[in-house]
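Peer 1: Dropping the sequence and predicted coords here.
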Amino acid sequence: MSYATNRIELYLELPVADVTCRQGTLRHLASDLYLPPEPSGLVVYIHGGGWQEGSKDRPAGYRTLLLAGYAIASVEYRFSTQGSWRDMLMDVAAGIAATRATYHRLRPGAPGFLAVWGISAGGHLASLVSLHPDTNVRPSVVCSWCGPMDLVSYAARLGVRDHCRDDVTSMLNLLTDNDAEALAEASPLRYVTSTAIPPLFVHGDDDGLVPLSQSRTMHEALLSADAESEFYVAVGHSHALPPHEWE
């Protein structure tokens, strides 16, 4: 489905892939693309939701990004009740590739700049898809807002507030099937190299669900590996930052 409003073309439910869920059912993965007349590049957004829920509808920041001249796309992935963390990784990679191809088909000659960013679980997947050797996704830049980077320390609930501790355990048990090794394998921290895509980490210093230390640890690991990294602390903000400040 496509339509135009205020010179912005909207392409909704662009087909990406039909995938099989744990239960043997099929899920149709799609993406949405918001396309200005002369885009400066493409930003692909990955939604959050504890790897268990969420939607690609109305991606965070889409108005701001469109006003800045960027095309923005939002992709889907299987949830932890439907597939493994590797399934999510491949779903996101497929969504990025398919949407990027559509972007260049609809805007031939448009700049090839590609940013991948996400919030919370989406921030984790944004970082993971840009670093994991099996995805072959090489964006120009990657951005994580309050995404878990080291699932081993996150599973130990270091810095997690008391009222969130059970939620963290439940989320990670579903994500990794209670497999301790999978916690390390699913961590962006494991794949840090000197050639890592330049990241930007944004994290509230009052985040009790995903502690600030998750982004700081990743940022410091990248710098130690002689890779580029930027880290912005949102003073006084909690998890995911207030939506009204980024529309």
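Peer 2: Cool, the structure landed. Here the structure is a predicted model, which means the values were calculated and not measured.

Peer 1: Every contact and neighbour count from this point should use C-alpha atoms.
Peer 2: Fine.

Peer 1: need the helices for the chain, in chain order.
Peer 2: Secondary structure of the chain (DSSP state H): helices at 62-67, 85-106, 121-131, 151-155, 165-176, 180-185, 212-224.

Peer 1: Of these, flag the one that's most buried.
Peer 2: Greatest average neighbour count among the helices of the chain goes to helix 121-131 (a mean of 27), per mean count of other Cα atoms under 10 Å.

Peer 1: Just the CA trace of it, in CSV.
Peer 2: Provided in CSV are the C-alpha atoms of helix 121-131 (Å, rounded to 0.1, in the frame of the first residue of the first chain):
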residue,chain,number,x,y,z
ALA,A,121,15.5,-4.3,22.7
GLY,A,122,15.6,-2.6,19.3
GLY,A,123,18.9,-0.9,20.3
HIS,A,124,20.3,-4.3,21.2
LEU,A,125,19.3,-5.6,17.8
ALA,A,126,20.6,-2.5,16.0
SER,A,127,24.0,-3.0,17.5
LEU,A,128,24.0,-6.7,17.0
VAL,A,129,23.0,-6.6,13.4
SER,A,130,25.8,-4.2,12.6
LEU,A,131,28.5,-6.2,14.4
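
Peer 1: so what does that helix touch, helix or strand wise?
Peer 2: Contacts defined by 3 or more Cα pairs under 8 Å, 6 or more residues apart in numbering; DSSP states H and E place helix 121-131 against strand 42-46, helix 85-106, strand 114-119, strand 141-145.

Peer 1: Residue 133 - how many residues pack around it?
Peer 2: 10 (other Cα atoms under 10 Å).

Peer 1: just residue 193 next, same as before
Peer 2: Neighbourhood size, residue 193 [other Cα under 10 Å]: 16.

Peer 1: residues contacting it?
Peer 2: Neighbouring residues of residue 193 by Cα atoms under 8 Å, 6 or more residues apart in numbering: 222, 225, 227.

Peer 1: The nearest residue to the last one once chain neighbours are set aside and residue 58: what is the separation?
Peer 2: Spelled out, it's residue 227. Distance criterion Cα to Cα, 6 or more residues apart in numbering; nearest residue to residue 227, sequence neighbours excluded, is residue 194 at 4.5 Å. Using Cα to Cα, to the nearest Å, residue 194 is found at 35 Å from residue 58.

Peer 1: for residue 65, same thing?
Peer 2: Residue 65 sits at a distance of 12 Å from residue 58 (criterion: Cα to Cα).

Peer 1: Show me the longest strand that occurs in the chain.
Peer 2: strand 8-20 (DSSP state E).
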